[in-house]
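> A predicted structure for the sequence below; I have some questions about it.
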Amino acid sequence: VTEAIIPSLPRLDDLATAGTAITTFAGMDQVQGGFGGRMFWARQRAMVFRRDFATTGRPTSVATVDLVSVPYPTRFGLWRAALSPWEYLSLTNRMLIVRWTESDGRRRTLLFEPTDVDRGWHTPYFKAIAAATSPPLVRAMVTELGSVREHLRAAGIAPEEIDYLVFDHLHAQDVRRWIGTTKPAADISPDAPVAPYFPNARLVVQRAELAGLLEAQPSQRPWYQVETFHDLRPEGILAIDGDVLLGPGVALLATPGHVPGNQTLVLNTDTGIWAVSENAIATECFTPEHSLIPGVAGWAPAWQQELIMNVNTLETTGDQYNSMIIEKTIVDPVPSDPRFLQFFPSSELTSNPAWPGTRPTFTHGTITHG
Ligand SMILES: [Zn+2]
């Protein structure tokens, strides 16, 4: 993309970049043999990545905090597998705080999925639910568990210490209050540009995700707050293309699927390798044979599939299967229960008595390291 689609947005090619390129999966799109050929290739390369990545070191610490539980369509989160008649299931959004030390001694802090929850409600999907639902029912469907600012304050981390803001994808996000804007914003700062709450932080995003959301097709629009990305401070953005190593044991892999510009945070920890994304909503979606959610264990073999995708738009569903094969191959099993993998869904399926039939068999809840 060489032309700015929106006049005030910087040309996407002019944005600075981040990290050290990882070439293990380079050329995947040229592999012959269609989706199946690429899947075979991806699984082989994922084993190479797993071995190499473990040698890059470990971050100093990893912690998670809970932000909010929200309703999500069952037929998207568990695709066609669950038998539940209920329209919704419940997901809990979490933020990860990842810290490491560079070789020159500088400390780095990365926030993964720092959702500005108040602003998230302006996403067309959530606005439509709120408009169609009585307030008491909304209260039964939504639980606010803490804001990004509150959690950081409680952890003793100042806004100035944050270096990187990363999302697996930008559905429901509005990052203006985090990285600031170049112009006033009528809804939240009518008289002056929005000042960045994180003055030193930069949003690390796949260029494909920015390009895709700015030119969102109608089928993608319920999930994005497109206009909030028009006047972002360009100094607050680092655009990447594909896979990068950000720090010791901290990498981002391009995992097109849930959206075309999707990415997965990969962490090397005391318990081995983790992958964090929203390509699946529960770790049992990677080993559905162990799932007790009605419908899931039977659906997978009936349709010859070894995993259950989280699909709410359909642009890259074929690629998503292969991206999830990579995620499944690079991670370690859970030490206390090896039936399940160290895939941490950034929005994790959560038991909600309002919607029986989608209670998860296993939940991670948190990652703790260091
Ligand atoms: Zn999404």
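Yep, it's here.
> for the protein, what spans make up the helices?
34-53, 74-77, 117-120, 124-132, 135-141, 148-155, 176-179, 207-214, 296-302, 317-330 (DSSP state H).
> which neighbouring elements make contact with the fourth one?
With contacts taken as 3 or more C-beta pairs under 8 Å, 6 or more residues apart in numbering; DSSP states H and E, helix 124-132 sits against helix 135-141. The way it works is simple: take the backbone N, C-alpha and C, and place the C-beta from them, glycine included.
> ok, and what's touching the helix it packs on?
Helix 135-141 has contacts (C-beta atoms under 8 Å, 6 or more residues apart in numbering) with V70, P71, Y88, S90, I129, A130, T133, A354.
> hmm, back to that, let's have the helices of the chain in CSV, adding mean neighbour count.
Formatted as CSV, the helices of the chain follow (neighbours: other C-beta atoms under 10 Å):
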stretch, mean neighbour count
helix 34-53, 15
helix 74-77, 20
helix 117-120, 17
helix 124-132, 14
helix 135-141, 12
helix 148-155, 15
helix 176-179, 23
helix 207-214, 21
helix 296-302, 16
helix 317-330, 22
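> among the contacts of helix 135-141, name the buried ones.
V70, P71, Y88, S90, I129 (16 or more other C-beta atoms under 10 Å).
> farthest-separated two in these?
Farthest pair in the buried ones among the contacts of helix 135-141 (C-beta to C-beta) is S90 and I129. Separation: 12.9 Å.
> what sits in contact with each of those two?
Common neighbours of S90 and I129 (criterion: C-beta under 8 Å, 6+ apart): P71, M141.
> any low-confidence regions in the chain?
1-10 (pLDDT under 70).
> V266 - how many residues pack around it?
Other residues within reach of V266, judged by other C-beta atoms under 10 Å, total 27.
> what's the answer for S189, then?
16.
> now the residue nearest the centre of the chain: closest residue in space, sequence neighbours ignored.
Nearest to the geometric centre of the chain sits D168, at 2.5 Å (C-alpha atoms, centre = their mean). Nearest residue to D168 in three dimensions, chain neighbours excluded: S277, at 4.4 Å (C-beta to C-beta, 6 or more residues apart in numbering).
> what residues are up against the residue nearest to I179 when sequence neighbours are not counted?
Spatial nearest neighbour of I179, chain neighbours left out: G236 (3.2 Å); criterion: C-beta to C-beta, 6+ apart. The contact partners of G236, by C-beta under 8 Å, 6+ apart, come to W178, I179, G180, P196, A201, R202, L203.
> can you tell me which of these are buried?
Buried by 16+ other C-beta under 10 Å: W178, I179, G180, P196, A201, R202, L203, out of the contacts of G236.
> can you list those in TSV and add distance to A302?
Listed next are the buried ones among the contacts of G236 as TSV, based on distance: C-beta to C-beta, whole Å:
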residue	distance to A302
W178	44
I179	46
G180	50
P196	50
A201	46
R202	45
L203	41
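> which of those residues lies closest to Q32?
Looking across the buried ones among the contacts of G236 and measuring by C-beta to C-beta, the closest to Q32 is L203, at 35.8 Å.
> hmm, that closest one is touching V166, no?
Yes: with contacts counted by C-beta atoms under 8 Å, L203 reaches V166, the gap being 7.5 Å.
> ok, back up a step: what's the closest of the helices of the chain to V65?
For V65, the closest of the helices of the chain is helix 148-155, at 4.2 Å, according to C-beta to C-beta.
> helices and strands around that closest one, which ones?
strand 61-73, strand 88-101.
> now the last one: buried residues?
Right, strand 88-101. Neighbour-count burial for strand 88-101 flags 88-100 (criterion: 16+ other C-beta under 10 Å).
> keeping just the C-alphas, turn that strand into CSV.
What follows is strand 88-101, C-alpha atoms only, in CSV (Å, rounded to 0.1, in the frame of the first residue of the first chain):
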residue,chain,number,x,y,z
TYR,A,88,-24.1,-16.3,23.0
LEU,A,89,-21.2,-17.7,25.0
SER,A,90,-19.0,-15.7,27.4
LEU,A,91,-15.4,-14.6,26.7
THR,A,92,-13.0,-13.0,29.2
ASN,A,93,-10.6,-10.5,27.7
ARG,A,94,-7.2,-10.3,29.4
MET,A,95,-4.1,-8.2,29.1
LEU,A,96,-0.6,-9.6,29.3
ILE,A,97,2.3,-7.6,30.8
VAL,A,98,5.6,-8.8,29.4
ARG,A,99,8.9,-7.4,30.5
TRP,A,100,12.5,-8.1,29.4
THR,A,101,16.0,-6.6,29.4
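> pull the distance from that strand to the chain's centre.
9 Å (C-alpha atoms, centre = their mean, to the nearest Å).
> specify the angle between that strand and helix 124-132 in degrees.
If you take axes from the mean of the first three to the mean of the last three C-alpha atoms, to 10 degrees, strand 88-101 sits at 140 degrees to helix 124-132.
> measure stretch 325-343 end to end?
Terminal residues of stretch 325-343 lie 12 Å apart, using C-alpha to C-alpha, to the nearest Å.
> and it, how far out from the chain middle?
On C-alpha atoms, centre = their mean, the centre of stretch 325-343 falls 18 Å from the chain's centre.
> with stretch 208-223 instead?
Distance, centroid of stretch 208-223 to centroid of chain: 16 Å (C-alpha atoms, centre = their mean).
> state the phi and psi torsions of D241.
The phi and psi values for D241, taken as degrees, to the nearest 10, are phi -130, psi 100.
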